[in-house]
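1. The sequence isn't on hand, but the structure is:
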């Protein structure tokens, strides 16, 4: 009986169809080398905000527009971009060394409120624009002013003046859920303890919502885009050894030392 049972069991096992092992999928194309994702810390979290693009608005405070030779009552908003890897993360409570860049003898500070987007689209209306904002940070739009002005006078693009290594120091991003949308409050900058720039966020010619609307008419905005929203008047030069402290109401200070 035992032998008969064993024969039946072997017969059953032979009759079962064999399953084919799945073939490994062919690997897709690989990049020649890897490039690090540029990120900014999110305050109160171990998560990071991935940066896709950096948009900047020019002359968005009336007094600054006038000091740059423009008429703020007639000029529509205009934008430029900085390379994403221009970001230099500056954590609260620290003074980070900031290298004085090459090719300039007139290196300027510009304090700005930074808006970070969690979503985007095309032709966004200003009434809906703030729904796309993830949070806000303090930033500096550092500028090689002599190169910017030189290119402008030659009617050439002035990317050399704005787009360079470490040209966008930025603090951690504070989510809207924690701080809301800053629409008023002081924005200021000091050099070696002496106040140089001072204004109020309410003095922006174009609000954050309006900037998003205008940008989305020209570009499809997406998650990871950040907008440097303009600087007040009294921009000026710094030299090696100077310490810059930027302040925006409701956010921690940003501090760098020019080296």
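-> Thanks, I have it. Keep in mind that what you see is a predicted model, and the values were worked out from it rather than measured. Numbers count the residues shown, from 1 in each chain.

2. Every contact and neighbour count from this point should use C-alpha atoms.
-> Noted.

3. all helices for the stretch 101-250 of the chain, in order.
-> 126-129, 145-153, 159-162, 176-179, 208-218 (DSSP state H, counting those that start in this stretch).

4. TSV please, covering those helices and showing mean neighbour count, distance to residue 85 and mean pLDDT.
-> Shown next, in TSV, are these (neighbours: other CA atoms under 10 Å; distance: least, CA to CA, whole Å; pLDDT from 0 to 100):
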stretch	mean neighbour count	distance to residue 85	mean pLDDT
helix 126-129	14	26	98
helix 145-153	16	20	94
helix 159-162	20	13	95
helix 176-179	12	24	97
helix 208-218	20	21	97
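
5. Can I get those helices in a markdown table including distance to residue 47?
-> Formatted as a markdown table, the helices of the stretch 101-250 of the chain follow (distance: least, CA to CA, whole Å):
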| stretch | distance to residue 47 |
| --- | --- |
| helix 126-129 | 24 |
| helix 145-153 | 35 |
| helix 159-162 | 29 |
| helix 176-179 | 15 |
| helix 208-218 | 24 |
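
6. Ok, which of these comes nearest residue 94?
-> Of all the helices of the stretch 101-250 of the chain, helix 176-179 sits nearest to residue 94, with 21.7 Å by CA to CA.

7. got the contact list for that closest one?
-> The contact list for helix 176-179, computed with CA atoms under 8 Å, 6 or more residues apart in numbering, reads 133-136, 250.

8. What is the nearest of these to residue 105?
-> The closest of the contacts of helix 176-179, once distances to residue 105 are taken by CA to CA, is residue 136, at 31.5 Å.

9. List the beta-bridge partners for the nearest residue to that closest one once chain neighbours are set aside.
-> Distances taken as CA to CA, 6 or more residues apart in numbering place residue 115 nearest to residue 136, at 4.7 Å, with adjacent residues excluded. Beta-bridge partners for residue 115, by DSSP bridges, are residue 136, residue 227.

10. Quick check: pLDDT value at residue 115.
-> Residue 115 carries a pLDDT value of 98.

11. same check, this time on the one 5 residues further on
-> Among the per-residue scores, residue 120 holds a pLDDT of 98.

12. residues contacting it?
-> Counting by CA under 8 Å, 6+ apart, residue 120 has contacts 132, 216, 220-223.

13. In CSV, list the residues you listed along with distance to residue 154.
-> Formatted as CSV, the contacts of residue 120 follow (distance: CA to CA, whole Å):
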residue, distance to residue 154
132, 38
216, 29
220, 30
221, 31
222, 33
223, 36
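
14. Buried ones from the residues you listed, can you make that a ChimeraX selection?
-> Provided next is the ChimeraX selection string for whichever of the contacts of residue 120 are buried by 16 or more other CA atoms under 10 Å:
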select :132,216,221,222,223
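
15. Just the closest of the contacts of residue 120 to residue 87, please.
-> residue 223 (16.9 Å).

16. The closest one touches residue 119, doesn't it?
-> Yes - the pair residue 223 / residue 119 is scored as a contact, 4.1 Å apart, by CA atoms under 8 Å.

17. Closest to residue 201 out of the contacts of residue 120?
-> Nearest member of these to residue 201, counting by CA to CA, is residue 132, at 19.4 Å.

18. The closest one and residue 101: what is the separation?
-> Computed as CA to CA, to the nearest Å, the residue 132 to residue 101 distance reads 34 Å.
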